[in-house]
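K.L.:
predicted coordinates and the sequence they were generated for:
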Amino acid sequence: MYMIKKRCLSGLVVLGWSCTCCSLVSGQDNKQLSPSDSLKLQIGTVKLDSVFQIKTSQVNPIEIKKRSLLPYTSLQQYLKGNNTGLHVTEPSGEPGTKQPMYFRGVSRPLLSDIDVFQNQPLVVVDGIPLVGEHPFAYAVQTYDLERIGPATNLFANINIDMVKSIEVLKDVAAMAMYGPNAANGAIVVQTKEPKADKTNRIAVNMYTGLAQRPQVTTINGEYENRFRKQFYDLYTSNGRYDDGDSYPIYLSDSLNMNYFGQSDWTDSYYNNGLVYNLNANLSGGGPRANFQFAAGSTQDKGVADKVKLNKYYALFGLNMRPLTWLTFSMQANISRLDRNRNLNMRDRFAQLAYFPDLSAPLSPNKEVYNEYLSYYKKGFDNNKTNVVQGYGKLQLDFGNFHFLTTGMVDYNEGYRDQFYHSKLMESNNFASNYYGYNQRAIFDNKAYYDWKIDDKNSLNLLIGNSLQWDTYRYNYAYAYKGVNDFIKVNLLEDDPLKSNYLEATAYPKALIFKFLDRIRHNLVSFYGRANYNYDKKVDVSLLLRTDGSSNAQPDARWIFTPSLSANWNIKNSYFVSDNSLKDLTARFSVGRIGVSNVFDDFAQGPNYVAQMGFTGNQLIAGYNAIAGLVRPYESGWVGYNIPWAYTDQANLGIDYAIQKRNIHVSLDVYLKQTKNQLINIPSYSEYGYKSSYMAGMDVQNTGVELTVGLDPIQSDRFKWSTALNVSHNQNKLKALPNDLEQLVMGNSLLEVGKSLDQYWLLSNTGIYKTDAEVPQGMTYNSIQLRAGDPIWKDQNGDNRIDDSDRTLQGHRLPLLFGNWSNNFVFGKWDLGINMYYNIGRELINQEMVTRFDFINNEGAKKLDAIKEVTYWEKRGDYSKYPLYNPWSSVIPYQADQDLFLENASFLKIRAITLGYDLTSLLGGRQQRIQRAYAYVSANNVATITSYSGVDPEIVDYTGYDIGSKMRIPRIYTLGIKVDF
Amino acid sequence: MKRYHLIIRFLPLFLLSLGGCKKMLDIDSSRTVKEENMWNALEDTRAGLMGIYGLTKAALDDNNAYWLYGEVRSGDFESPNRQDLKAIIKNDLKANYESLGALSNWRRWFAVVNAANIFMERAPEVRAKDLRYTENNLVVDVAQARFLRAYAYFNMVRIWGDVPLILNSHDGNFENKAREDRLKIYAWIEKEMFEAAQLLPYSYSTGDEQQIGNYYNEASSRWSGALVRKLSAYAILAHLAAWQANYADAAAYTQFIMDNYSKGGAYYLSTSFLTDGNGFFFEKRSEQMFSFPYIWAHVEASFTGHIEELTLASPVVSKSVPDIYMPKETILKTFNEKKDQRFSIDTLGNPNTEVYFRNFNSKYPIFSKIKCIMGGSSDPTFRIFTSATILTRLEDITLLRAEALAVLGEKSTAIELLNEIRERRGLKVYSETVNGDLIDAIFLERKRELMGEGHRWYDMIRREKIKHDNPQLAGLIANDGIYWPIAKEILAQNKLIAQNSYWK
């Protein structure tokens, strides 16, 4: 007997479960257990993931059942708007792309994708803290538009039909259980458990639908010519601004039908898309051993470039209780995500780091555009991602003493294989291969003790230890100019006898670029917790933990963090017999969580790196083909004495619910201070450094979150429930390193006492019509302002316009957001309407900047100058902008002025669902069919906004709407759910 | 009982996990080299030294700075549609363009200075730790580091005038420094370069008496043209002296080169070798007296950092309009003599040769003297380039010497030197009646011979200081307008630095 147990254990350590173990213990299933003692409950009572059972039934529920009817494919889409405090962004409507989330604001300014990564909340699935995709690969990219590799949204692997609950933790002590992983919040997803009542069950959900092609107005060269002519009429006498000025050739010849003919490219660019989902799950077993299995497939399609995401997923879970005191459970969740990506030139050339001659844009004519598209079809761009999550748990129960050991793995790997036909780039083809993975393994042990002191007092004590190994790695190679368009991979000579053995044969050796990188991070944690309950009235929990990170410097490796949380059930204390009051609870929590570094350089202190590149040619690692090592002049000086950063959070909440009209209110206020953070400050230029990492950035987030719900009409035949949630967040920079008061970072200004997410802009008040109107000596960056230049407000009155006249304006993140949902039930019919809103958010209409600043963009070698085919779509409101002199070297149409700042507040009707309960129709077989439900849905139905661009939502963290992001489709679906 | 037995079995496991964590938390990054792992062995000094070279190359070629400073600013070229280049041509150097901001920023040069300072401070440690690292190796390494540091300063004083003079790494204790008078820096550069010149060999791994054995165990083919040598140092010394109008010293330093150039493997170039796609500018060569190569076979080709990116267009490469071009009138004014192998026209106005300019009769003549496309091919389809950044060559030094001697009054030797170049390019010998003033003839020859090699702007200033016939340029010289403005990032970081007076 002893031997068997030992084998069980060793199997667990490496995270598997052995068959011997399984078969041997199943023979033990002879002792009867009382139903209350069932497996599920036993594991359920452990309550490791939230300190108390917060009543999610009324407040903040993710209505899983409702959500699962909608054609969403990512966790973010399910969460969007449904939870207070969590702001979900959807920077592109392209299925499967990344969708950053921000929980209760941002703790550091969003200056790059790495900052976005560092602001992401943790997602925990069945206790596994997911690893995410490390942003270190940006180091080999000239442009950080998209990370190399498939760049797939890893949270697209969640199968909502298998999800029991999703909870966005607000209790600080509950978050702190996940340690530094959860410094930016934690989203806890629990999958369903088998019912364990010795009946086998099957549940099926399927839908199919259509993503509708949008209707747009197209333009052609004539339109663009007319637009530009206004400027030439105003500022030139003979159609040339100066001797060197040249009018673009594609607009010069009005007989050229490629640009001046029919503009019908939309027929080939936009498309209708088929979306579908089919999944089923099977569960069975009894209290001693049960299982579940789920599998499914989903397709999500966008409305342009035939972009799509295909998901294939399976989940297998098993719970066993061979002995009354021994429980074993395991689960594995496997997904495959395949993605068809957009055909934007911007993304492609950013990856290629090569700008072909951009002087002739794509033609708006369908025939010509189709020919261009046909070359895409001769190549490929395969994006595949595999995601595996799994755990094995072994729990030992000895009366009130329990021991739980868990092994967890989260692994995701991505492949991207590309080949672009030579016709797509000046007769040079391009091949690229990427393989990368992100892997997390955790070994966690907990021991806890339930102590029922007396009838009223009970105590739960827990100590635990967790070891976490993270490894991130990628191999990436690309090559230009293969011998022909038929060999699409980088062939190597395979004859060992030849002198060029293993050398490239299809691509020139000198044009093959290879990269590989690896980064590791280990985390060791010890924690202890005491939960105390008094008579179901008061709960108090104290958590103490210490975490050591391999990314912390050796002399500051560990951080000790306490957190405390308390619940006071006022109803149980004073109104226990008042039946009209359903709930009245006050919650309070306060605590600290360490914030670990994302990169391992910081643990090394001053170091040497192979960075000898320059603008446009970043990746030079040596000289004369010999590796070189220099100080990190490009990435920033790293010194000693870097402490742990940490976040101090406090939350005060109150939940109130009464029987009458089912009114429920939940209110939270919070204060979050993230301190001692590293920021890369421009400094030490005279020592060659671009910047220096310095600790001491403190950021404060405060906010209020409110959920109100009620059933205005409650009758037997008709019921209307409505719920509104509102989140307000305000961030503020509290301190910068070295007592700096302000800091200019690129085109942003960070100023102590101000928000982090503001734009730093000149205020535009009009146009100087004549030279005489310009105040005497008024300059912009020492350039004399003239007729045709903008009137920028001289904020400090020094008769000079420069950076000191820029002011902080607008917000990239909304001040208020949330949703308003309504549900109507009429007999067997039900209708749901879900609305999502953002208020107090602005963005810069970069697309209009690019259009108006055509002089600086025509033929320029920069990403903004690339004209996608959507250049031929009429967008924006041209009448908003004065006609400046576009040739002026003050750059009148620069993006960083309030002329292009627009209110991006919006209200969207995000989803309408109509369903009918078929169960009784199929009543003849009531025994077999437990529930059947048919539904139709319409998604992204309408947007109410004053924004003049395409959609105020589809903009990335920079807040600059470049206009090439894909629209969020309007999707109609029809589906059915059946539970057997 | 069994249960408690089990608890006892579990406890050690639990405690075990506590013990292994120190090891778990000590990870050596595979992406960076920490202090303890650097400066221990020969490979570390080699990496450190190559680092200084790499940084110098980056400082020269970032945003094509070397050519924007030296060629575009001269106004000889025009730009059809790059507004930032138009601003440089108009001397509107504070215009609001990203590239102009980068060109105003001296940080990359100070990275060279800092890397050289660290090298000089730390390399001697390796001498103690690694027996393979010989004294001679250390001496030659330090001489290169000193030279590169002085060269960085030479560039900075020519571009910004006064700059901070920082001679220690100040590793970890960085303090802001004020600018130093450029005259003092000139003197310092001269001293440094001269001392380095005494220690540098004529070539590497060739049995030079000042560099023993195979340098870093690599054969001479590895180093040929890639590293600084004695002649590189003398060439830059000559330029430094001429820049200060100290023509006596310029004559002395150039004399050394004229006497010893064959020892360094330098020769006069034929026109065809000069202008071939896989000729003088391609790869590394001993004739390149001081250069920074991009070696095709070593995957060093790049899209940017070459003059080809600015000048080439159709039909040489597939790009419709060049970033810069030389207008026809300027070309004709410059190449005003018959039979010039570089460029001349026949009586019908058609070019006799296309080595310097293609498409002469179209709207944008393409300056194509330097055209190292890929591995020296003529395939126009892929604009990846391999030309070395060449800072000086024998023709430059010969003409510089002619200039010095002409100023010093040794006309006949000056004419001899001028003819040395003229004859190689198919021109008749210099005659005052045909070619005009000697100084003008020498500068015109420099303009023709060194076109596109980053000398023109500095030549114009030297010429103006001799001839005083361009009031506009004289005004710039008098008011320090020949210098670039200092980037606002620098001014924001270091309050001891004030904007150059001309750009205030």
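P.N.:
Okay, I see it. Here the structure is a predicted model, which means the values were calculated and not measured.
K.L.:
got the phi and psi for A:Ala360?
P.N.:
Reported as degrees, to the nearest 10, the phi and psi values for A:Ala360 are phi -120, psi 110.
K.L.:
can you tell me which residues contact it?
P.N.:
Contacts for A:Ala360 (Cβ atoms under 8 Å, 6 or more residues apart in numbering or on different chains) come out as A:Ile249, A:Tyr250, B:Ser320. Glycine gets a C-beta too; all of them are placed from N, C-alpha and C.
K.L.:
cutoff 7 Å now
P.N.:
Applying Cβ atoms under 7 Å, 6 or more residues apart in numbering or on different chains, we find A:Ala360 in contact with A:Ile249, A:Tyr250.
K.L.:
pLDDT value on it, please?
P.N.:
On pLDDT, A:Ala360 comes in at 87.
K.L.:
go on, the one 3 residues further on?
P.N.:
Looking at A:Ser363, its pLDDT stands at 94.
K.L.:
burial measure for it, as a count.
P.N.:
25 (other Cβ atoms under 10 Å in any protein chain shown).
K.L.:
cool, the one 5 residues further on as well?
P.N.:
A:Val368 has 16 neighbours, counted by other Cβ under 10 Å.
K.L.:
surely it is within a helix?
P.N.:
Yes: membership of A:Val368 in a helix is supported by DSSP: H, G, I helix; E, B strand; the rest coil.
K.L.:
any weak-confidence spans in the stretch 401-550 of chain A?
P.N.:
Nowhere does the stretch 401-550 of chain A drop to pLDDT under 70.
K.L.:
next up, phi/psi of the residue of the stretch 701-850 of chain A found nearest chain B, please.
P.N.:
Closest residue of the stretch 701-850 of chain A to chain B, Cβ to the nearest Cβ: A:Ser782 (4.7 Å). Backbone geometry at A:Ser782, expressed as degrees, to the nearest 10, gives phi 70, psi 10.
K.L.:
one more: A:Val540?
P.N.:
The phi/psi pair for A:Val540 (degrees, to the nearest 10) is phi -130, psi 140.
K.L.:
so the nearest residue to the residue of the stretch 701-850 of chain A closest to chain B once chain neighbours are set aside: helix, strand or coil?
P.N.:
Nearest-residue entry for A:Ser782: B:Lys94, 4.7 Å, with adjacent residues in sequence omitted and distances by Cβ to Cβ, 6 or more residues apart in numbering or on different chains. Here B:Lys94 is recorded as coil under three-state DSSP.
K.L.:
B:Lys94 touches A:Ile783, doesn't it?
P.N.:
Yes: using Cβ atoms under 7 Å, B:Lys94 is in contact with A:Ile783, at 6.3 Å.
K.L.:
what distance do you get for B:Leu240 to chain A?
P.N.:
Distance of B:Leu240 to chain A, given as Cβ to the nearest Cβ, to the nearest Å: 22 Å.
K.L.:
doesn't B:Ile189 make contact with that residue?
P.N.:
Yes: contact criterion Cβ under 7 Å: B:Leu240 and B:Ile189 qualify, at 5.9 Å.
K.L.:
before we move on, the earlier item: can you pull the contacts of the residue nearest to A:Ser782?
P.N.:
Neighbours of B:Lys94 in contact, by Cβ under 7 Å, 6+ apart: A:Asn781, A:Ser782, A:Ile783, B:Pro485, B:Trp503.
K.L.:
let's see that with 6 Å instead.
P.N.:
A:Asn781, A:Ser782, B:Pro485 (Cβ atoms under 6 Å, 6 or more residues apart in numbering or on different chains).
K.L.:
which of the residues you listed tops the neighbour count?
P.N.:
Going by other Cβ under 10 Å, B:Pro485 tops these with 21 neighbours.
K.L.:
mind checking the SS state of that one?
P.N.:
Applying three-state DSSP: B:Pro485 is coil.
K.L.:
next one: stretch A:961-975 to chain centre, how far?
P.N.:
17 Å (Cα atoms, centre = their mean, to the nearest Å).
K.L.:
give me every residue in the stretch 551-700 of chain A lying close to chain B.
P.N.:
A:557, A:600-601, A:604, A:606-609, A:612, A:614-617, A:622-630, A:633, A:639, A:682-688 (Cβ under 6 Å from any Cβ of the partner chain).
K.L.:
out of these, which are inside helices?
P.N.:
Among those, the members found in helices (DSSP state H) are A:Asp601, A:Gln604.
K.L.:
near A:Pro632, how many other residues are there?
P.N.:
A:Pro632 has 22 nearby residues by other Cβ under 10 Å.
K.L.:
isn't it up against A:Met612?
P.N.:
No: look at A:Pro632 against A:Met612 with Cβ atoms under 6 Å: they stay out of range, at 11.2 Å.
K.L.:
before we move on, the earlier item: shared neighbours, B:Leu240 and B:Ile189?
P.N.:
By Cβ under 6 Å, 6+ apart, the residues touching both B:Leu240 and B:Ile189 are B:Phe154.
K.L.:
buried sites along stretch A:400-415?
P.N.:
Buried positions in stretch A:400-415, judged by neighbour count with 16 or more other Cβ atoms under 10 Å in any protein chain shown: A:401-415.
K.L.:
ok, and which of the residues you listed reach chain B?
P.N.:
Among those, chain B is touched by A:Phe403 when using Cβ under 6 Å from any Cβ.
K.L.:
narrow the buried residues of stretch A:400-415 to those in helices?
P.N.:
Per DSSP H, the subset of these in helices is empty.
K.L.:
which of the buried residues of stretch A:400-415 fall within strands?
P.N.:
Cross-referencing the buried residues of stretch A:400-415 against strands under DSSP state E gives A:401-415.
K.L.:
for B:Leu55, state which of the residues you listed is nearest.
P.N.:
A:Gly414 (34.2 Å; Cβ to Cβ).
K.L.:
which ones are touching the closest one?
P.N.:
A:Gly414 neighbours (Cβ under 6 Å, 6+ apart): A:Gly149, A:Pro150, A:Thr385, A:Gly436.
K.L.:
please repeat the previous calculation with a cut-off of 10 Å.
P.N.:
A:133, A:147-152, A:154, A:337, A:339, A:383-387, A:434-438, A:474 (Cβ atoms under 10 Å, 6 or more residues apart in numbering or on different chains).
K.L.:
what do you get for A:Tyr72?
P.N.:
A:Tyr78, A:Leu79, A:Lys80, A:Ala156, A:Ile158, A:Ile160, A:Asn277, A:Thr298, A:Asp300, A:Ala911, A:Asn939, A:Ile971.
K.L.:
tell me who's in contact with A:Ile463.
P.N.:
A:Asn445, A:Lys446, A:Ala447, A:Tyr448, A:Tyr449, A:Phe526, A:Tyr527, A:Gly528, A:Arg529, A:Ala530, A:Leu544, B:Phe14.
K.L.:
the third one - that's part of a helix, no?
P.N.:
Pointing back at A:Ala447 there. No: under the criterion used here (three-state DSSP), A:Ala447 is strand, not part of a helix.
K.L.:
quickly list what the closest residue to it other than its chain neighbours is bridged to.
P.N.:
Excluding its sequence neighbours, the residue lying closest to A:Ala447 (Cβ to Cβ, 6+ apart) is A:Phe403, at 5.0 Å. Beta bridges link A:Phe403 to A:Leu396, A:Ala447, judged by DSSP bridges.
K.L.:
what about the strands in the stretch 201-350 of chain B?
P.N.:
B:290-292 (DSSP state E, counting those that start in this stretch).
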